[in-house]
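Visitor: Sequence and predicted structure, then a few things I'm wondering about:
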Amino acid sequence: MQKYAQQQIIQLLPRLVALKDVSPLILLLSSSSQSAKYLLFEFAYKHQGDSNVAVVVLSFETTSGELTWLTGKSVSVLKCHRLSIAQIHDQVRPFLDSPKRTLILIDTLDFILPSELTSFIVPLIRQNSSLVVVTRSEAFPYAYPVSSIYTPSLLAQLNYLATTIISVHPYRESNAEMEYEEIQFKSNSGTYLLPFGSHARKCRLDLVQRRKSGRAVEGSYVYDFDCHTFTYLSPRAASSSTDDSDNLAGDLTTFNLGTTEKQRLARDQVELPYMKAQEDETAVGTGAIVYQFEKDDDYDEEDPYEDPF
């Protein structure tokens, strides 16, 4: 990733939600441990009273009760569960043809086949519109019927098309490192083991935005749905090269190749021979080549090129 001014990164996500920065396709990656719906509804909350922005929610699985807190007249909810792609486009087209800026929010793409994704998304992206979609970050091989072995997965296509990708993870205030447990899936029983604090209204966001110049900008934030705030997380301090080598070796072998702090101190105190030679000033310029003949050496005294010295 290219270096970017920290002050601009801090304001990157808030400006993105406020539509001050242009990003035609924003991909929200949810998981079984943290839903991205809270972040999706944050876009609607920011513009529910904006007369210059028409918010259109394409609902495939969101119930009507989940959106009762949206009181703005500029928010329209379209039920799309039993509609075809052509019928959905017909309902959205009046909003796209209006002079207002259109913000289209799709709560899930799980009901769209990978082979139909392009034909569904491309007509919704226009110069005066922004599209925010939600999909799962985990790959479930049985989620969609395989129409062709050459058809890329839904997630692969979205990662290619999206100009901004936001991954949503659980957040724990007690852990300063913001580390979270991965979901463990038991294939035998078909059950999930979710970490404590899953699907909370406060979560961590990892953002990657692709610029027209080809560079990418990344940043991490803590999002609080109750307060509607984004808190920027500064990157972790770079660990020492010794720690990096130990972590790398630990992933390559089952043996314990790491070193303890006591072993590192003992290793640093070892006096290396070439270091001692550099400190001895009297040894400078006094080097000599010493060659000892062996019994099998064929040395010709009359040949000047065979002089070992």
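Guide: Sure, I can see it. Numbering: from 1, shown residues only.
Visitor: now the helices for the protein?
Guide: Secondary structure of the chain by DSSP state H: the helices cover 6-10, 12-17, 37-46, 85-97, 117-121, 154-161, 241-250, 261-268, 273-279.
Visitor: among those, which is nearest residue 233?
Guide: Proximity to residue 233, assessed across the helices of the chain by C-beta to C-beta, is greatest for helix 6-10 (9.9 Å). Yep, even glycine has a C-beta here, placed from its N, CA and C like the rest.
Visitor: State the mean pLDDT of that closest one.
Guide: Averaging the model's pLDDT scores along helix 6-10 yields 80.
Visitor: quick one on the thing from earlier: give me whichever of the helices of the chain is most buried.
Guide: helix 37-46 (a mean of 20; mean count of other C-beta atoms under 10 Å).
Visitor: quick one: contacts of that helix?
Guide: Outside helix 37-46, the residues within contact range by C-beta atoms under 8 Å, 6 or more residues apart in numbering are 17-18, 28, 30, 55, 57, 62, 66-67, 70, 72, 75, 103, 105, 107, 132, 134, 166, 168, 201, 203, 205, 223, 225, 228.
Visitor: and that helix, C-alpha only, in PDB?
Guide: Backbone C-alpha positions of helix 37-46 (Å, rounded to 0.1, in the frame of the first residue of the first chain) are rendered in PDB as follows:
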ATOM      1  CA  LYS A  37     -26.100  -4.400   8.300                       C
ATOM      2  CA  TYR A  38     -25.400  -1.800  11.000                       C
ATOM      3  CA  LEU A  39     -22.800  -0.100   8.700                       C
ATOM      4  CA  LEU A  40     -25.200  -0.400   5.800                       C
ATOM      5  CA  PHE A  41     -28.000   1.300   7.700                       C
ATOM      6  CA  GLU A  42     -25.500   4.000   8.700                       C
ATOM      7  CA  PHE A  43     -25.500   5.200   5.100                       C
ATOM      8  CA  ALA A  44     -29.200   5.500   5.200                       C
ATOM      9  CA  TYR A  45     -29.100   7.300   8.600                       C
ATOM     10  CA  LYS A  46     -26.700   9.900   7.400                       C
END
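Visitor: Buried ones among the contacts of helix 37-46?
Guide: When the contacts of helix 37-46 are checked for burial by 16 or more other C-beta atoms under 10 Å, the buried set is 17, 28, 30, 55, 57, 62, 70, 75, 103, 105, 107, 132, 134, 166, 168, 203, 205, 223, 225.
Visitor: Which ones among those map onto strands?
Guide: Filtering the buried ones among the contacts of helix 37-46 for membership in strands, criterion DSSP state E, returns 28, 30, 55, 57, 75, 103, 105, 132, 134, 166, 168, 203, 205, 223.
Visitor: and the residue nearest to the fifth one when sequence neighbours are not counted, what are its bridge partners?
Guide: Which is residue 75. Counting by C-beta to C-beta, 6 or more residues apart in numbering, residue 55 is the residue found nearest to residue 75 once chain neighbours are left out, at 4.5 Å. Taking DSSP bridges, one obtains residue 75, residue 103 as the residues bridged to residue 55.
Visitor: Please name the residues that touch residue 55.
Guide: 43, 44, 47, 48, 72, 74, 75, 76, 103, 105.
Visitor: export these to a markdown table and tack on distance to residue 291 and pLDDT?
Guide: Supplementary listing: the contacts of residue 55 in a markdown table, determined by distance: C-beta to C-beta, whole Å; pLDDT from 0 to 100:
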| residue | distance to residue 291 | pLDDT |
| --- | --- | --- |
| 43 | 81 | 91 |
| 44 | 86 | 88 |
| 47 | 86 | 87 |
| 48 | 90 | 82 |
| 72 | 93 | 61 |
| 74 | 92 | 73 |
| 75 | 91 | 83 |
| 76 | 93 | 86 |
| 103 | 84 | 93 |
| 105 | 83 | 93 |
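Visitor: now those in a markdown table, with distance to residue 128?
Guide: Formatted as a markdown table, the contacts of residue 55 follow (distance: C-beta to C-beta, whole Å):
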| residue | distance to residue 128 |
| --- | --- |
| 43 | 16 |
| 44 | 18 |
| 47 | 14 |
| 48 | 19 |
| 72 | 19 |
| 74 | 15 |
| 75 | 18 |
| 76 | 16 |
| 103 | 10 |
| 105 | 16 |
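Visitor: what's the closest of the ones in strands among the buried ones among the contacts of helix 37-46 to residue 83?
Guide: For residue 83, the closest of those turns out to be residue 57, at 13.9 Å, with distances computed as C-beta to C-beta.
Visitor: Residue 296 is nearest to which of the helices of the chain?
Guide: Taking C-beta to C-beta, helix 273-279 is the member of the helices of the chain nearest to residue 296, at 30.8 Å.
Visitor: model confidence over that closest one, on average?
Guide: In this model, helix 273-279 carries a mean pLDDT of 59.
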